[in-house]
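Student: 3D, please:
(chains A and B)
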Amino acid sequence: MAGLATVTATFGDIHTVVGAVRSIREEGPKGIQVFGPIMEQELEDAIGKPPSPVRRYAFIGGLTGCISGFAITLWSSLYYPLVAGGKPLASVPAYVVIGFEMTILFAGISALIGMLIHNRMPTVELSPAHKPRYSDDQFGVRVACDPKQSGKIEDVLRSYGPDEVHVDG
Amino acid sequence: MASVAPPARTPFARVSRDIIGALWAPEWRYRAVMGILLVILGWAGFAWAYQIKTGMGTAGITHPVMWGVYITNFVFWVGIAHSGTLISAILYLTRSGWRTTINRAAEAMTIFAVMTAGLFPLIHLGRVWYFYFLAPYPNQRFLWPNFRSPLIWDFFAISTYFTISLLFWYSGLIPDMATIRDRMKGVTGRMARLKEKVYGALSLGWGGSDSQWKNYRRMYLYMAAIATPLVLSVHSVVSWDFAMAITPGWHSTIFAPYFVAGAIFSGIAMVITLSVPFRWALGLEDYINEYHYDNMAKLMLLTSLIVGYAYIAEYFMAWYSGDAMEWESFRWRAVGAYSGPFWIMMTCNVLIPLLCFSRRIRRSIMSMFIISIFVNIGMWYERFVIIVTSLAHEYEPGAWGLYKPTWVELSITVGSFAWFLFWFMIFAKTLPAISITEVKEAMAEGYWKPGDKKEES
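Tutor: This next block holds a predicted model:
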């Protein structure tokens, strides 16, 4: 980010990260990014980013599946009328199973697609901030801030006992 | 053990090392078992080819028993498939911490069991090349499947279940694949570069940033939330394959919940049966221990009680209905030509699991292993009893008859176990068999750590 300083700290424990992120947010930085092998609700809340858009994908997918499940069953039985056992052509109770299964199928697939789109996956290029140990046993906190603020932020991060701290710009 | 650098300095790194270290480099025992499985598979493949070439007469199914061992196997394997998504989805939603180390293997089992189950309708079809008739596709004759038929529901239910289970399992693997990719960066050698590339591709470029985690966790939650009703629906639909017919012994409203409980029961039993040799062979005894078997045993006991209740309730309904056909069907089931399978089913599914009331037995891995094998046998016989005895003894005494499986059917049945184990063995050596991420989460929450047997629980 042009004109901004980046302070990066590495921690070994997720609970320390939660505390550090909370304190840093009070300083009002431009952006916080956390990398790690796991994630917890507490940390997610501390970072305080808006809710994930994946839920909309799941909902729209499920709705599409439900409609298309009922549509194909109803349409095809009316399109080629074949009365079996004196039952109505459009036997809705029997079609509930198909509608239900299609709802689940489409909702699941679209939730996954939504996750991939918003996570910019699949990709070959990892973020330059990523380090191998972030998927193993370390958490990285990366704070983008005004160059004037960087000293203060570094002090805050240091007070939580990080494994290492690094300032750019 | 394969060398997995960098060295494990922290508890988290030790988890990655233990689980990733169990991968690759198969021992001679592994190769020997694979060899045996391939021989059995080859034989079963020959039997199927012989059946396709010669005709369905090579199988023992004929009037009045048109559904035999093939459909028994189908229902059995679909049942086995149920524990995986139960453990991963329902226990995820209810935040049951003990699932963390067994969910990956159980989900893999689900997928391989559906792959096995899915073969049986094909094998059962005389002309297997017409299988695609089941799918709704536009065709020149303007024909569409009969959506009122439970068999079509089943086709939709099973294919949805397979797809969703596969995606759920795969999405759970994404962060773990990234862990393998990143650990391989510290190892030298051509194989390590290859693994880094392959697992990197499989991880889809997972970076582990907080916004990625946020989307990912949402997606995982929704998958779990929709997989839960899916699990219940799939075996309900399988039960309707039977319950929608008017055959005595099948035509019962209790079938859907009864089948679902039975499926979970047999699925848990299969998880126990497979995990005992598996934890030992991969050296993961600290990760799957007495604590997990204790909990699985409780779940198995609960479902056994439900299944036992359903068996008795069925008899009560048959008697109380005053329907002579229904009552004759059930009477014959217990004392007729197939009373052997019936009593095997009763003993293995209702009596033997009662041992799980003892905490000592629940916490003894060897006894759980033995009990689970009995349950597997009992549940296979349950499906056999339901399918064969009902068809053999329907309304018209003149149309009664007996069924005996032929060598073709038995070979394919044994082959299905080999097929299932073959895939499971490949999985155990190529993908992290325990969720690295979830073990770390349990450790971070202070809920559980490797080696903890939770003696006080």
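
Student: where do the strands sit along chain B?
Tutor: Taking DSSP state E as the criterion, chain B carries no strands.

Student: domain ranges for chain A?
Tutor: When chain A is parsed with automatic domain parsing, its domains come out as A:5-37+A:136-168, A:54-118.

Student: ok now the shortest one, how far from the chain's centre?
Tutor: It refers to domain A:54-118. Computed by C-alpha atoms, centre = their mean, to the nearest Å, the chain-centroid distance of domain A:54-118 equals 26 Å.

Student: any part of it near chain B?
Tutor: Yes: taking C-beta under 8 Å from any C-beta of the partner chain as the criterion, domain A:54-118 and chain B are in contact, through A:54-55, A:58, A:62, A:72-73, A:76-77, A:79-80, A:82, A:84, A:87, A:91, A:94-95, A:97-98, A:100-102, A:104-105, A:107-109, A:111-112, A:114-116, A:118. To be clear about C-beta, it is placed using only N, CA and C from the backbone, and glycine gets the same treatment.

Student: how long is that domain end to end?
Tutor: Terminal residues of domain A:54-118 are spaced 8 Å apart (C-alpha to C-alpha, to the nearest Å).

Student: let me see the contact set for the one residue sitting closest to the centre of chain A.
Tutor: Nearest to the geometric centre of chain A sits residue A:52, at 5.5 Å (C-alpha atoms, centre = their mean). Taking C-beta atoms under 8 Å, 6 or more residues apart in numbering or on different chains, we find residue A:52 in contact with A:118, B:214-215, B:217-219.

Student: distance of it relative to residue A:21?
Tutor: Distance of residue A:52 to residue A:21, computed by C-beta to C-beta, to the nearest Å: 18 Å.

Student: same question, residue B:344
Tutor: The gap separating residue B:344 from residue A:21 is 59 Å, by C-beta to C-beta.

Student: neighbour count for the two, which is higher?
Tutor: Each of residue B:344 and residue A:21 has its neighbours counted (other C-beta atoms under 10 Å in any protein chain shown); residue A:21 has more, 23 against 18.

Student: please, which helix or strand holds that one?
Tutor: Secondary structure from DSSP states H and E places residue A:21 in helix A:14-27.

Student: run the chain-centre distance for the very next helix or strand once past that helix.
Tutor: Using DSSP H and E, the helix or strand that directly follows helix A:14-27 along the chain is strand A:31-35. Its chain's C-alpha centre and that of strand A:31-35 lie 14 Å apart, by C-alpha atoms, centre = their mean.

Student: now the angle between helix A:14-27 and strand A:31-35, please.
Tutor: 170 degrees (axes from the mean of the first three to the mean of the last three C-alpha atoms, to 10 degrees).

Student: which elements pack onto the helix or strand just after strand A:31-35?
Tutor: Sequence-wise, the next helix or strand downstream of strand A:31-35 (DSSP H and E) is helix A:41-47. In terms of contacts (3 or more C-beta pairs under 8 Å, 6 or more residues apart in numbering or on different chains; DSSP states H and E), helix A:41-47 is packed against helix A:14-27, strand A:31-35, helix B:210-243.

Student: and helix A:41-47, how far out from the chain middle?
Tutor: 13 Å.

Student: average pLDDT for it?
Tutor: Averaging pLDDT along helix A:41-47 yields 89.

Student: buried ones in that helix?
Tutor: A:42-44, A:46-47 (16 or more other C-beta atoms under 10 Å in any protein chain shown).

Student: which of the contacts of residue A:52 sit farthest apart?
Tutor: Pairwise distances across those peak at 12.3 Å for A:118 and B:217 (criterion: C-beta to C-beta).

Student: sorry, back to before: if you average pLDDT over each of the domains of chain A, which is lowest?
Tutor: Here the domains of chain A differ in mean pLDDT, and the lowest is domain A:5-37+A:136-168 at a mean of 88.

Student: that one and chain B, are they touching?
Tutor: Yes: counting by C-beta under 8 Å from any C-beta, chain B is contacted by domain A:5-37+A:136-168 at A:12-15, A:32-37, A:136-137.

Student: let's have those in a markdown table, adding neighbour count.
Tutor: Below are the residues of domain A:5-37+A:136-168 next to chain B laid out as a markdown table (neighbours: other C-beta atoms under 10 Å in any protein chain shown):
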| residue | neighbour count |
| --- | --- |
| A:12 | 18 |
| A:13 | 16 |
| A:14 | 22 |
| A:15 | 14 |
| A:32 | 19 |
| A:33 | 19 |
| A:34 | 26 |
| A:35 | 25 |
| A:36 | 27 |
| A:37 | 28 |
| A:136 | 27 |
| A:137 | 23 |
